[in-house]
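J.: Sequence and predicted structure are below.
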Amino acid sequence: MPRPRATPIQNMRLACLIEETGRTYTAIAAMIRRVSGENGTETRCTAASLARWLNGAAPQPAIVPAAVEAFARLLDRPVLTPADLGWSSGSTTRDAQSEDPWRGDPVAWVIRLGRTDMLNRRAAVTAGLYSLAAAATPLPPAARPATRPGTSIRVGPADVTRVHAMAAYFGEIDDLFGGGHARSAVAAYLVNDVAPLLQGASGPIRADLFTAAAEVTYLAGWMAADDLQPGLAQRYYIQVVRLAAEADAPLMRATALRSLASQAVELGHPAQGLALADAAADALHNTAPARTRAWVNGMRAEALAATGHNPRRVIRLLASTETDLERADSPPASDLTGNYRREGFEHQVGLTLLNMGDLPGAEEHLSASTAARRPDERRTRALIGTRLATVQIRQHRPEAAAATLLGLADDLTAVKSARLRRTLGQIRSSWQTSRGDPTVAQADRLLLSARATGGT
């Protein structure tokens, strides 16, 4: 219970919301810190912070969106704004409904997100933190708008070919160097080249163009997630779902829903992740390629394991995933919807077993996935390798984790990824007492060098 107040409350709106949550100041502050942590920032919010805000003090601008999202979760009220908490905010001039990424024109959303991303400043996206409300299973797609603002231009098959080619090119760069490299270039391509085509597209070419645009948008979301901008990534993914709906492209829609599911699980929201993974499975038609079906069902198994429920169904889903993968006799069709190979399945099994508490099993499969990666999969190999090292540390084997990271030296110094940088920082903290071991000491120097050279 908070201590009796010596002065009158100045912010009555905030006081009413606090009372409505039924939570203590300490619990509310913990939720605000959790929201900030999900978005890659550390917030020094305590019970005393809430007391100061009630006295009329204004929070730091970076804390405002985290507090709004925290209260939205605690109250199960997704349309909160800073004004609802008694604060004015120059960074949030739109009403709450216009902030719902499932509403409005997806092309306008892509332009808005791309322009924000081109700024490449954390301050530009603090109003777009990861939203638990937006992670809810989407409603059936609405009818597409008949017209869009902008100059109509002639669009043909060559435009679709060029957009597909650029998606493939940027994807290769991302695999080699991580989401922290050239992200603003992808955003600029979306805003300056792709969006004008979407505004002018009509006729038979329209569906193909929207599918190609969805691929580039998906890549922008993937890179934002890798650069620890989960709110931005989530909004990109949602627009992929909506662009795919306009294109009547179920594989692309399932792909984006699967990534939304993976993001939710990674951020600690397994129930939402499972619902999104199931929605991805529902988006697939009966004619979906076996490889894509396996990719989606593997995510369903991982999400279900993260909920802690029904382990037998988890095993059945993994078995079904493996069967579909073995039946996929054709080579991967594309990097987005068909590039699911045995090493990807090993990674999925590793994460699923990790969620089930089977650390030795997780280590075995993560190790197999890391070893099988192709030379041009630097970012993926580094990401899975650091997960492997984390599992080894959890089994009290820091020297094995160090050896794993030393084997990834070239990847760790080449890849620019805030997600990797955070994981490596956690690893360094966890083996502090083991730095007397020569292997651990050598790996520790490697991690410091990677940061100094602008890598991870």
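T.: Yep, that arrived. Residues are numbered from 1 along each chain as shown.
J.: hey, where'd the helices end up in the stretch 201-350 of the chain?
T.: Using DSSP state H, counting those that start in this stretch, the helices of the stretch 201-350 of the chain run over 205-226, 230-247, 250-266, 270-283, 290-307, 311-327, 342-355.
J.: in the fifth one, what counts as buried?
T.: Yep, that's helix 290-307 we're talking about. Buried residues in helix 290-307, counting neighbours by 16 or more other CB atoms under 10 Å, are found at 290-306. Where you see a C-beta, it was placed from the backbone N, CA and C, and this is true even at glycine.
J.: Averaged pLDDT, that helix. What do you get?
T.: In this model, helix 290-307 carries a mean pLDDT of 96.
J.: which secondary structure elements does that helix contact?
T.: For helix 290-307, the packing partners by 3 or more CB pairs under 8 Å, 6 or more residues apart in numbering; DSSP states H and E come out as helix 250-266, helix 270-283, helix 311-327, helix 342-355.
J.: Need the CA coordinates for that helix. PDB is fine.
T.: Taking C-alpha atoms only, helix 290-307 is exported to PDB below (Å, rounded to 0.1, in the frame of the first residue of the first chain):
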ATOM      1  CA  ALA A 290       4.600 -29.100 -48.000                       C
ATOM      2  CA  ARG A 291       7.700 -27.000 -47.200                       C
ATOM      3  CA  THR A 292       5.700 -24.000 -46.300                       C
ATOM      4  CA  ARG A 293       3.200 -26.000 -44.300                       C
ATOM      5  CA  ALA A 294       6.200 -27.500 -42.300                       C
ATOM      6  CA  TRP A 295       7.600 -24.000 -41.700                       C
ATOM      7  CA  VAL A 296       4.300 -22.900 -40.200                       C
ATOM      8  CA  ASN A 297       3.600 -26.000 -38.100                       C
ATOM      9  CA  GLY A 298       7.100 -25.800 -36.700                       C
ATOM     10  CA  MET A 299       6.300 -22.400 -35.400                       C
ATOM     11  CA  ARG A 300       3.000 -23.700 -33.900                       C
ATOM     12  CA  ALA A 301       5.000 -26.300 -32.000                       C
ATOM     13  CA  GLU A 302       7.400 -23.700 -30.700                       C
ATOM     14  CA  ALA A 303       4.600 -21.400 -29.600                       C
ATOM     15  CA  LEU A 304       2.600 -24.200 -27.900                       C
ATOM     16  CA  ALA A 305       5.700 -25.300 -26.000                       C
ATOM     17  CA  ALA A 306       6.200 -21.800 -24.800                       C
ATOM     18  CA  THR A 307       2.700 -21.800 -23.300                       C
END
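J.: And that helix, how far out from the chain middle?
T.: 17 Å (CA atoms, centre = their mean, to the nearest Å).
J.: what's the distance between the closest residue to residue 297 other than its chain neighbours and residue 184?
T.: Leaving aside its sequence neighbours, residue 297 sits nearest to residue 321 (CB to CB, 6 or more residues apart in numbering; 4.6 Å). Remark: distance between residue 321 and residue 184 (CB to CB, to the nearest Å) = 36 Å.
J.: which of the two has more neighbours?
T.: More neighbours surround residue 321 than the other of residue 321 and residue 184, with 25 against 15 (other CB atoms under 10 Å).
J.: which residues touch the more buried one?
T.: 294, 297-298, 301, 345, 348 (CB atoms under 8 Å, 6 or more residues apart in numbering).
J.: mind checking pLDDT for it?
T.: On the pLDDT scale, residue 321 gets 96.
J.: please begin residue numbering at 9 from this point
T.: Okay, residue one is now 9; in that scheme the one you just asked about reads as residue 329.
J.: How are the helices of the stretch 9-158 of the chain distributed by residue range?
T.: So, for the stretch 9-158 of the chain - with DSSP H, counting those that start in this stretch - the helices run 20-29, 33-46, 55-62, 71-83, 114-127.
J.: Looking at these, which one is packed in the most?
T.: helix 71-83 (a mean of 22; mean count of other CB atoms under 10 Å).
J.: Using CSV, list the CA coordinates for that one.
T.: What follows is helix 71-83, C-alpha atoms only, in CSV (Å, rounded to 0.1, in the frame of the first residue of the first chain):
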residue,chain,number,x,y,z
ILE,A,71,9.0,6.7,-20.9
VAL,A,72,5.6,8.1,-22.1
PRO,A,73,4.9,5.5,-24.8
ALA,A,74,6.1,2.7,-22.5
ALA,A,75,3.7,3.8,-19.7
VAL,A,76,0.8,4.1,-22.2
GLU,A,77,1.4,0.6,-23.4
ALA,A,78,1.8,-0.7,-19.9
PHE,A,79,-1.5,0.8,-18.8
ALA,A,80,-3.2,-0.5,-22.0
ARG,A,81,-2.1,-4.0,-21.1
LEU,A,82,-3.1,-3.8,-17.4
LEU,A,83,-6.5,-2.4,-18.3
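J.: Can you list the helices and strands that it packs against?
T.: helix 20-29, helix 33-46.
J.: Please name the residues that touch residue 93.
T.: 19, 21-22, 25, 75-76, 79.
J.: Can you point out the buried residues in stretch 177-197?
T.: 178-179, 182-191, 194-195, 197.
J.: Return the subset of these lying in helices.
T.: Among the buried residues of stretch 177-197, the ones falling in helices (DSSP state H) are 178-179, 182-185, 191, 194-195, 197.
J.: Between these, which sits nearest residue 257?
T.: residue 179 (17.5 Å; CB to CB).
J.: pLDDT at the closest one, what is it?
T.: So residue 179 comes in at 93 (pLDDT).
J.: Confirm for me that it is in contact with residue 226.
T.: No. With contact defined as CB atoms under 8 Å, residue 179 does not count as touching residue 226 (9.5 Å).
J.: Let me have the contacts of residue 93 in JSON lines, extended by distance to residue 270 and pLDDT.
T.: As requested, these are exported to JSON lines (distance: CB to CB, whole Å; pLDDT from 0 to 100):
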{"residue": "19", "distance to residue 270": "38", "pLDDT": "95"}
{"residue": "21", "distance to residue 270": "36", "pLDDT": "95"}
{"residue": "22", "distance to residue 270": "35", "pLDDT": "96"}
{"residue": "25", "distance to residue 270": "32", "pLDDT": "96"}
{"residue": "75", "distance to residue 270": "27", "pLDDT": "95"}
{"residue": "76", "distance to residue 270": "25", "pLDDT": "93"}
{"residue": "79", "distance to residue 270": "27", "pLDDT": "96"}
